[in-house]
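[1] Curious how this folds, go ahead:
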Amino acid sequence: MQKLLLKLVIMSLVVFFVQSCAPNTASVSALKVNRNLAIHDQLPTRALMNEIFSFNYIPSSDGQRIRYGKSVISDPRGIIVLAPGQSEFIEIYFELVNEFNRNNFDVWIIDWKGQGGSDHVGPDENRALNNFSNDQQDLETFLREVVVRKEGLPLILLAHSMGAHIALRMLEGSPNLVDLSILTAPMITVKTGMYPHGISSVLASVVVSAGFGWWYAPGNSKWVERPNFKTSENENTSDPIRAMWKEYWRISKQDLRKSYGVTYQWFHNYSKSRKELLQSEELSASSSKILMTIPMIDALVVPEASLNMCIKMINCKSIIYENARHELYLEEDKIRDIWMRDIFSWIKINN
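    Down below sits the predicted model:
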């Protein structure tokens, strides 16, 4: 009887967790995706692959294929490596790649295993099942063995959200692998709605232990094409044009729908990695030069957790963007231009 009661309590908590974390469904009229137009007809030239960009593949830490891209110019003043966020893909960073090229930087970028053009483990490619330790190893291998360094030029890692989490884990053990690190909206603590983060972690552990780690976490699901998708449904940018770009790409290319939905296994793996990150004495004492760019209107991660993490590190500088949302690189120009200016200024000061 007690065991049955315990199961009922746990299931009730799970249901409450699901309800409390459901995404905001409010929307207003805005732009719509035109299914009949090709991707090149819906995106501006600045957001498309340039003529010197190329793709290639390397093996991951467990033998799967990892896709990466590079856009190398003739006379760079630095090398920037981009590490995307959860469920993202190289194509959505083309605008940023092009902008860094115009400012005389070589650019390299990686698709995490299970995302974009990289291999996914399991038959259902929509489910995110990241092993953060493997991702950390893949990033380190990419930086050591693939990215071409040039004598006298700084190697700069720019990592977004989940990519920033992975970057911090890598910097624990390899603080001097890159010269500078820029972390945007770092995934230190994800938002879990009304349900406390600690209890969310326990529930994820219970679900995984019961063999249901492949279940979608609350608020997550398979990617489904939405003909009436509206700008307001994207809470991660206030730019009405850039807000549509991921949807355009996912309609155009099936591979870019990979790992769209976070699972309980993902959340469980993240929780374990987060605990190690917060307890890391090596990271707190690291001499790595880090810039944290932190948007305060963030639907996915807790900005204060990023600020607290930065304060603990001896060589970390933070910049707050009060009116910015999660995806600074896709924000409206009046925010994005300031963010880019801050990045270039910090690189110049620290180079």
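[2] Which parts of this structure are helices?
    For the chain, the helices defined by DSSP state H occupy 2-20, 39-42, 94-102, 132-141, 162-173, 197-209, 245-252, 264-278, 281-284, 303-312, 333-350.
[3] Same list (those) but as CSV, adding distance to residue 217, mean pLDDT and mean neighbour count.
    No exception for glycine: its C-beta is placed from N, CA and C like everyone else's. Formatted as CSV, the helices of the chain follow (distance: least, Cβ to Cβ, whole Å; pLDDT from 0 to 100; neighbours: other Cβ atoms under 10 Å):
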stretch, distance to residue 217, mean pLDDT, mean neighbour count
helix 2-20, 9, 41, 12
helix 39-42, 29, 74, 14
helix 94-102, 28, 98, 20
helix 132-141, 15, 95, 21
helix 162-173, 14, 96, 24
helix 197-209, 7, 94, 17
helix 245-252, 19, 93, 21
helix 264-278, 5, 96, 20
helix 281-284, 26, 85, 14
helix 303-312, 19, 96, 18
helix 333-350, 29, 98, 15
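[4] List phi and psi for the residue nearest to residue 301 when sequence neighbours are not counted.
    For residue 301, ignoring the flanking residues on the chain, the nearest one in space by Cβ to Cβ, 6 or more residues apart in numbering is residue 187 at 5.2 Å. Note on residue 187: its backbone torsions stand at phi -80, psi 80 [degrees, to the nearest 10].
[5] contacting residues around the closest residue to residue 238 other than its chain neighbours?
    Nearest non-adjacent residue to residue 238, counting by Cβ to Cβ, 6+ apart: residue 332, 5.3 Å away. If a contact means Cβ atoms under 8 Å, 6 or more residues apart in numbering, then residue 332 has 237, 238, 239, 242 as its contacts.
[6] got it, and residue 53?
    69, 70, 71, 94, 97.
[7] now the residue nearest in space to the middle of the chain: how far from residue 190?
    Nearest residue to the geometric centre of the chain (Cα atoms, centre = their mean): residue 85, 1.0 Å. Distance, residue 85 to residue 190, using Cβ to Cβ, to the nearest Å: 11 Å.
[8] picking that back up, looking at the contacts of residue 332, which one is closest to residue 328?
    Closest approach to residue 328 among these (Cβ to Cβ): residue 237, at 8.5 Å.
[9] residues near that closest one, how many?
    Residue 237 has 25 neighbours, counted by other Cβ atoms under 10 Å.
[10] How about residue 131?
    The number of residues near residue 131, taken as other Cβ under 10 Å, comes to 18.
[11] residues in contact with the nearest residue to it once chain neighbours are set aside?
    Closest residue to residue 131 apart from its sequence neighbours, by Cβ to Cβ, 6+ apart: residue 269 at 6.0 Å. Residues in contact with residue 269 (Cβ under 8 Å, 6+ apart) are 129, 130, 131, 132.
[12] I figured the last one hits residue 167, correct?
    Pointing back at residue 132 there. No - using Cβ atoms under 8 Å, residue 132 is not in contact with residue 167; the gap is 11.1 Å.
[13] Pull the contacting residues for residue 333.
    So residue 333 contacts residue 239 (Cβ under 8 Å, 6+ apart).
[14] looking at the helices of the chain, which is closest to residue 155?
    Closest among the helices of the chain, using Cβ to Cβ: helix 333-350, at 11.3 Å.
[15] between the closest one and helix 94-102, how big is the angle?
    Here the directions of helix 333-350 and helix 94-102 differ by 40 degrees (axes from the mean of the first three to the mean of the last three Cα atoms, to 10 degrees).
[16] Report the distance from helix 333-350 to the chain centre.
    Helix 333-350 sits 20 Å away from the centroid of its parent chain (Cα atoms, centre = their mean, to the nearest Å).
[17] hey, C-alpha coordinates of it in CSV?
    Output of helix 333-350 as CSV, limited to C-alpha atoms (Å, rounded to 0.1, in the frame of the first residue of the first chain):
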residue,chain,number,x,y,z
ASP,A,333,19.6,45.2,-34.7
LYS,A,334,19.4,47.8,-31.9
ILE,A,335,20.4,45.1,-29.4
ARG,A,336,22.5,42.9,-31.6
ASP,A,337,24.7,45.7,-32.9
ILE,A,338,25.6,46.7,-29.3
TRP,A,339,26.3,43.0,-28.5
MET,A,340,28.6,42.7,-31.5
ARG,A,341,30.3,46.0,-30.6
ASP,A,342,30.9,44.7,-27.1
ILE,A,343,32.4,41.5,-28.4
PHE,A,344,34.9,43.3,-30.7
SER,A,345,35.9,45.8,-28.0
TRP,A,346,36.5,43.0,-25.5
ILE,A,347,38.6,41.0,-28.0
LYS,A,348,40.7,44.1,-28.8
ILE,A,349,41.3,44.9,-25.2
ASN,A,350,42.4,41.3,-24.4
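[18] what about residue 322, how many neighbours?
    10.
[19] Would you check how far apart the nearest residue to it once chain neighbours are set aside and residue 344 are?
    Residue nearest to residue 322 in three dimensions, not counting chain neighbours: residue 296, with 5.1 Å by Cβ to Cβ, 6+ apart. With distances taken as Cβ to Cβ, residue 296 is found 22 Å from residue 344.
[20] Could you do residue 272 as well?
    Taking Cβ to Cβ, one finds residue 272 at 36 Å from residue 344.
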